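S.K.: Structure for this input, please:
(one chain, ligands or ions: 1)
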Amino acid sequence: MSTYGFGSDGVPESDDAGPAFADGVVAAAGIAVYGAGSTDAAATRAALVGDDVPAKLVAKDATLWGPDAEAEAKIRLGWVDTFRQSRELLPRLAELRTELADLDHVVLAGMGGSSLAPEVVTRTLGVELTVLDTTDPAQIRAALADRLDRTLVVVSSKSGGTVETDSHRRAYWQAFLDAGMTEAEAGRHFVIVTDPGSPLETTGREMGAQVFLADPDVGGRYSALTAFGVVPSALAGVDVAELLDQAEELLPALSEESGNPGLALGAALGTAATGGRDKVALVSDGTGIVGLGDWAEQLIAESTGKDGKGILPVVIETPDSPGAHGSDVVTVTVGGAQLPAGVPGGGVRPDLSVNGPLGAQFLTWEFATAIAGRVIGIDPFNQPNVTESKSNTTRILAEGLPSEEPSFTEGAIEVHGAAGDSLEAVLRDLVGGIDPHGYLAVLAFLDRVGDAKAEQVRAALATASGRPVTFGWGPRYLHSTGQYHKGGPQVGSFLQLTGAVLADLPIAGKPYGFAELQAAQAAGDRKAMTDRGRPVVRLHLTDRAAGIDQLLRALAALPAGKDSH
Ligand SMILES: O=P(O)(O)OC[C@H]1O[C@H](O)[C@H](O)[C@@H](O)[C@@H]1O
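M.R.: Numbering: from 1, shown residues only. Modelled structure (predicted):
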């Protein structure tokens with residue numbers, strides 16, 4: 001891994017600073033984008049300014065992405081200034097927090113754009129929030145068993161029809177009734193966030209829940225500063241007014257021709273992608289913003305990964321983790337405000353750094369993604385391929401799970417969909433078969449809490465392959481990088497992890513339980529990949545803990561890949 005050399009004053013030693021940073025910094029309202037001044041990006045920026053794009057975007061001009069995108073853009077640009085509307089929610093949220101003071105364990109059920117922002121907000125500010133964006137029975141059981149009598153469940157779904165979220169709502173409702181509550185008592189434990197007129201609005205009112213309606217002119221992945229970001233964060237105890245202030249302070253700069261961090265970041269990412277550097281390593285620099293990469297991953301992947309084009313976000317755990325660099329990778333570090341003479345990057349050598357307060361970060365990245373979408377030539381507001389795996393899942397649930405025999409079993413791991421006579425050989429083939437311009441995605445349909453160690457597989461595979469390796473928890477990634485896998489450049493290889501379920505959990509009112517839903521989601525997405533001819537290996541862990549350890553041991557035995565950093 002290449003790193004900065006640091007002088008005693010914390011300033012990088014001259015030769016190590018990297019040419020990109022010589023171009024200085026584009027800053028406004030506390031947000032600073034370092035390294036956006038490469039010659040190519042400057043030309044893109046000039047062209048965008050020539051077309052008056054920054055001011056038009058702030059004015060919500062729906063024509064900026066071409067005629068085919070116009071109809072969708074007309075109802076998707078509210079994020080530009082939605083934080084003003086969000087302020088109106090604050091008095092009611094403050095009252096509710098007092099009224100429900102006895103319910104101090106806040107659980108957020110929501111997928112993708114309906115949970116990722118509150119997760120970053122609460123992690124960054126050190127506020128407890130249990131996020132449920134899984135169908136893993138063990139993870140949901142553990143949440144249900146945790147302080148149920150003190151639990152407030154925020155059910156967030158823009159469409160009101162997302163199967164995972166609806167299933168969580170059913171599971172909690174049943175659990176409250178099973179605990180002896182009346183329906184009226186159970187209703188008090190729910191807060192609903194949804195779009196006006198959604199089926200969930202009706203259900204929520206029938207349940208006697210508090211219902212918050214979101215700005216319908218904002219898509220899920222751009223909804224950080226709408227009711228979807230604000231309601232769960234505020235109920236968990238965050239001072240959200242501060243976040244809204246930070247965004248509002250940035251807005252005037254976003255229509256400017258210079259000193260515009262959103263324009264600088266978007267032009268740099270878009271230019272890099274069209275020039276072949278179409279993967280973005282997102283690295284937290286350790287200066288106070290936690291988990292923004294997971295939020296930005298959805299924003300970037302779902303917005304740009306379509307029509308065979310797109311930017312692949314690769315979330316890197318720490319500046320020391322492998323995979324932050326590569327010939328087709330733009331390395332971007334993210335963090336809080338820099339101290340005077342501070343060096344962005346946290347030790348890794350970035351191409352770009354984005355530092356500043358979280359509320360302004362959200363708006364900067366949203367603006368930059370919309371700009372990059374125009375540069376790449378895609379519609380940043382649709383998600384044409386997300387429904388494909390969902391339809392496969394629905395069909396599998398109706399027809400029953402396919403019975404699949406493993407190719408072979410080794411220890412606690414059943415290997416599916418791969419020739420070879422050992423786990424190590426299968427892994428070597430998978431890694432060796434990655435497209436020269438491609439990537440490997442690890443897709444783990446496991447328990448994000450109980451099986452957290454599985455995340456270590458990403459770094460091990462990045463070292464072994466020397467290629468970009470992403471890690472996604474299923475089904476969460478289906479609402480994020482899943483769009484890119486199917487709609488973006490067809491250069492992905494996939495390693496799916498599934499695990500034995502010791503105790504299933506029924507879903508009230510449904511003929512299937514969570515275990516079947518989870519298995520159908522994994523099978524549905526596998527089918528979407530194999531239908532495209534992509535390499536997919538599935539490892540089924542018959543004993544989860546033992547299987548993860550066995551997999552990590554097998555990966556450690558692989559030689560390091562050539563381009564590994
Ligand atoms: O908020 P919901 O309607 O439940 O949607 C949750 C997620 O579902 C889909 O996968 C969309 O592509 C995402 O952008 C969205 O965030």
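S.K.: Pairing partners for residue 441 in the sheet, please.
M.R.: Note on residue 441: beta-bridge partners residue 470, residue 494, judged by DSSP bridges.
S.K.: any idea whether the nearest residue to residue 290 once chain neighbours are set aside is helix, strand or coil?
M.R.: Closest residue to residue 290 apart from its sequence neighbours, by C-beta to C-beta, 6 or more residues apart in numbering: residue 123 at 4.2 Å. All C-beta atoms are positioned from the backbone trio N, CA, C, and that covers glycine. At residue 123 the chain is in helix, as set by DSSP: H, G, I helix; E, B strand; the rest coil.
S.K.: does residue 123 really touch residue 291, like I thought?
M.R.: Yes - judged on C-beta atoms under 8 Å, residue 123 makes contact with residue 291 at a distance of 4.7 Å.
S.K.: Tell me the residues of the stretch 51-200 of the chain that contact the ligand?
M.R.: 111-114, 157-159, 162, 165 (C-beta under 6 Å from any ligand atom).
S.K.: Looking at the residues you listed, which two lie furthest apart in space?
M.R.: 113 and 165 (11.7 Å; C-beta to C-beta).
S.K.: Please tell me how far the residue in the stretch 201-350 of the chain that the ligand sits nearest to sits from residue 446.
M.R.: Going by C-beta to the nearest ligand atom, the ligand is nearest to residue 220 of the stretch 201-350 of the chain, at 2.8 Å. Applying C-beta to C-beta, to the nearest Å, the value for residue 220 to residue 446 is 24 Å.
S.K.: List the buried residues for the helix or strand encompassing residue 394?
M.R.: Take DSSP states H and E as the rule and residue 394 turns out to sit in helix 386-399. Residues of helix 386-399 classed as buried: 386, 388-390, 392-393, 396-397 (neighbour count, 16 or more other C-beta atoms under 10 Å).
S.K.: wait, which of those residues is closest to residue 65?
M.R.: Distances from residue 65 to those, taken by C-beta to C-beta, are shortest for residue 386, at 18.4 Å.
S.K.: List the residues that contact residue 479.
M.R.: 111-113, 220, 298, 302, 386 (C-beta atoms under 8 Å, 6 or more residues apart in numbering).
S.K.: Now render those residues as TSV, adding secondary structure and distance to residue 199.
M.R.: Converted to TSV, the contacts of residue 479 look like this (DSSP: H, G, I helix; E, B strand; the rest coil; distance: C-beta to C-beta, whole Å):
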residue	secondary structure	distance to residue 199
111	coil	16
112	helix	18
113	helix	18
220	helix	16
298	helix	23
302	helix	23
386	helix	19
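S.K.: Mind giving me the PyMOL command for buried ones among these?
M.R.: Those of these that count as buried under 16+ other C-beta under 10 Å are selected in PyMOL with:
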select buried, resi 111+112+113+220+298+302+386
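S.K.: possible to save the contacts of residue 479 as CSV with pLDDT and distance to residue 405?
M.R.: Listed next are the contacts of residue 479 as CSV, based on pLDDT from 0 to 100; distance: C-beta to C-beta, whole Å:
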residue, pLDDT, distance to residue 405
111, 98, 32
112, 97, 33
113, 97, 38
220, 97, 38
298, 98, 35
302, 97, 35
386, 88, 30
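S.K.: Assumed residue 153 was part of a helix.
M.R.: No - secondary structure of residue 153 (three-state DSSP): strand, not part of a helix.
S.K.: so how many other residues sit close to it?
M.R.: Neighbours of residue 153 under the rule other C-beta atoms under 10 Å: 27.
S.K.: follow-up on the earlier one: what's the spacing between the helix holding residue 394 and its chain's center?
M.R.: 22 Å (C-alpha atoms, centre = their mean, to the nearest Å).
S.K.: now for that helix, which elements pack on it?
M.R.: helix 481-487, helix 514-531 (3 or more C-beta pairs under 8 Å, 6 or more residues apart in numbering; DSSP states H and E).
S.K.: The residue nearest to residue 379 when sequence neighbours are not counted: how many residues sit nearby?
M.R.: Excluding the flanking residues, the one nearest residue 379 by C-beta to C-beta, 6+ apart is residue 69, at 3.6 Å. Residues lying near residue 69 (other C-beta under 10 Å) number 20.
S.K.: show me where pLDDT drops low in this protein?
M.R.: Applying pLDDT under 70 to the chain flags the ranges 1-23, 563-565.
S.K.: Which member of the buried residues of helix 386-399 is positioned nearest the ligand?
M.R.: Distance to the ligand, by C-beta to the nearest ligand atom, is smallest for residue 386 among the buried residues of helix 386-399, at 4.2 Å.
S.K.: quick one: the closest one and residue 484 touch, right?
M.R.: No - with contact defined as C-beta under 8 Å, residue 386 does not reach residue 484; the gap is 10.3 Å.
S.K.: what's the overlap in contacts for these two?
M.R.: Common contacts of residue 386 and residue 484, defined by C-beta under 8 Å, 6+ apart, comprise residue 302.
S.K.: could I have stretch 205-224 exported to CSV, CA atoms only?
M.R.: Taking C-alpha atoms only, stretch 205-224 is exported to CSV below (Å, rounded to 0.1, in the frame of the first residue of the first chain):
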residue,chain,number,x,y,z
ARG,A,205,-53.1,4.4,10.4
GLU,A,206,-55.0,1.2,10.9
MET,A,207,-52.3,0.1,13.4
GLY,A,208,-52.7,3.3,15.4
ALA,A,209,-49.1,4.2,14.7
GLN,A,210,-47.7,7.7,14.3
VAL,A,211,-47.3,8.3,10.6
PHE,A,212,-44.8,10.7,9.0
LEU,A,213,-45.1,11.5,5.3
ALA,A,214,-42.0,12.1,3.4
ASP,A,215,-41.3,14.4,0.4
PRO,A,216,-42.4,12.3,-2.5
ASP,A,217,-40.2,14.3,-4.9
VAL,A,218,-37.1,12.6,-3.6
GLY,A,219,-35.9,9.1,-4.5
GLY,A,220,-34.9,6.7,-1.8
ARG,A,221,-31.1,7.0,-2.2
TYR,A,222,-31.3,10.8,-2.2
SER,A,223,-33.5,10.9,0.9
ALA,A,224,-30.9,11.4,3.7
